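Undergrad: A predicted structure for the sequence below; I have some questions about it.
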Amino acid sequence: MQSKLTKTEYKQKIVDAGNLMVSLGLTVGTWGNISLRDTETGLIYIKPSGMPYAEITADDVVVMNSAMEVVEGHRKPSIEFHFHISIMNARKDVNAVIHTHPIYSSAFAVTRQDIPGISEDFVQIVGDKVINCKYSLPGTPDLGRNVVEALADRNAVMIPNHGTVCVGADIDAALKICHVVEKSAHIYILAKILGDPQVISDDDMDAMQDFARNHYGQGK
Ligand SMILES: [Zn+2]
């Protein structure tokens, strides 16, 4: 599906997703960043660095390759291109990466706690839990390596004292992951106030992940 889009359409997807991310309250200001890979050409479209989402047009979106070189664009790419492209190089199933600075998930990133598997949507599409990667300064190649290592085969990871990184086969899937991670973080914090949150058992997690992968939806 994605391979039929023009370059301008790919760039517009980055612009639209950025505005949606802000309107959903998943980030503020110029923070956070989004990338999308064209599976046919391998080119990666990424948000320009330090520009407010409302001011970005398709012309500002930067095009890079898997070697982390800029191949098109007159803006500087997001400083976090290392982890965006490192993830895509490590995970062939991932074509979109979204990094946000959301409130509730960030509470876990600040206290360096895992977000456990406490709700079925989370377990089905994100993974058994979301963990923190090793700390590195923003925009460094080290952070890229640490994010890839901690993400493993899950669809989200936290960067300590910073924010979250969510991945998916396309932008809609990655945005859905951002939403579900933030919702689960919020629920877990409220549940802790109410009492003793119960984590879903490993066996039930396996069963739900199998169902989501192989049977969920029409005609499976
Ligand atoms: Zn950030």
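TA: Received the coordinates, thanks.
Undergrad: Walking through the chain, point out its strands one by one.
TA: Listed in chain order, the strands of the chain (DSSP state E) span 33-37, 44-46, 62-64, 70-72, 96-100, 115-116, 129-130, 156-159, 163-168.
Undergrad: what about the longest helix in this structure?
TA: In the chain, taking DSSP state H as the definition, the longest helix is helix 171-194.
Undergrad: what's the angle from it to strand 163-168?
TA: For helix 171-194 against strand 163-168, the angle by axes from the mean of the first three to the mean of the last three CA atoms, to 10 degrees is 130 degrees.
Undergrad: tilt between helix 171-194 and strand 96-100?
TA: Angle between the axes of helix 171-194 and strand 96-100 is 40 degrees (criterion: the same axes, to 10 degrees).
Undergrad: for helix 171-194, packing partners?
TA: helix 7-23, strand 96-100, helix 103-111, strand 115-116, helix 120-125, strand 156-159, strand 163-168 (3 or more CB pairs under 8 Å, 6 or more residues apart in numbering; DSSP states H and E). (Each C-beta comes from the backbone N, C-alpha and C, glycine too.)
Undergrad: so which of these gets nearest G217?
TA: Among the helices and strands packed on helix 171-194, the nearest to G217 by CB to CB is helix 120-125 (11.6 Å).
Undergrad: Okay, now the unreliable bits of the chain?
TA: Residue ranges of the chain with pLDDT under 70: 1-3, 219-220.
Undergrad: what do you get if the cut-off is 90, keeping everything else the same?
TA: 1-4, 24-32, 198-202, 204-220 (pLDDT under 90).
Undergrad: Can you pull up the most central residue in it?
TA: When CA atoms, centre = their mean is applied to the chain, the residue found nearest the centroid is C166 (1.8 Å).
Undergrad: Show the contacting residues for that one.
TA: 97-100, 155-156, 174-175, 177-178, 181 (CB atoms under 8 Å, 6 or more residues apart in numbering).
Undergrad: Same question for G168.
TA: G168 neighbours (CB under 8 Å, 6+ apart): 94-96, 155, 174-177.
Undergrad: Now with 6 Å, please.
TA: Contact analysis of G168 by CB atoms under 6 Å, 6 or more residues apart in numbering lists 96, 174, 177.
Undergrad: That one pairs with what?
TA: G168 forms beta bridges with A96, as assigned by DSSP bridges.
Undergrad: what about it, distance to P116?
TA: To P116, G168 is 21 Å away according to CB to CB, to the nearest Å.
Undergrad: Give the residue farthest from the middle of the chain.
TA: G195 (29.9 Å).
Undergrad: and it, what are its phi and psi?
TA: When read as degrees, to the nearest 10, the backbone of G195 gives phi 180, psi -130.
Undergrad: V61 now?
TA: Here is the backbone geometry of V61 (degrees, to the nearest 10): phi -70, psi 140.
Undergrad: what does V126 give?
TA: Main-chain torsions, V126, degrees, to the nearest 10: phi -100, psi -50.
Undergrad: if I pick it, what's in contact with it?
TA: By CB under 6 Å, 6+ apart, V126 lies in contact with 155-156, 177, 180-181.
Undergrad: likewise H84?
TA: Going by CB under 6 Å, 6+ apart, H84 touches 35, 97.
Undergrad: measure it to I46 for me?
TA: Using CB to CB, H84 is found at 6 Å from I46.
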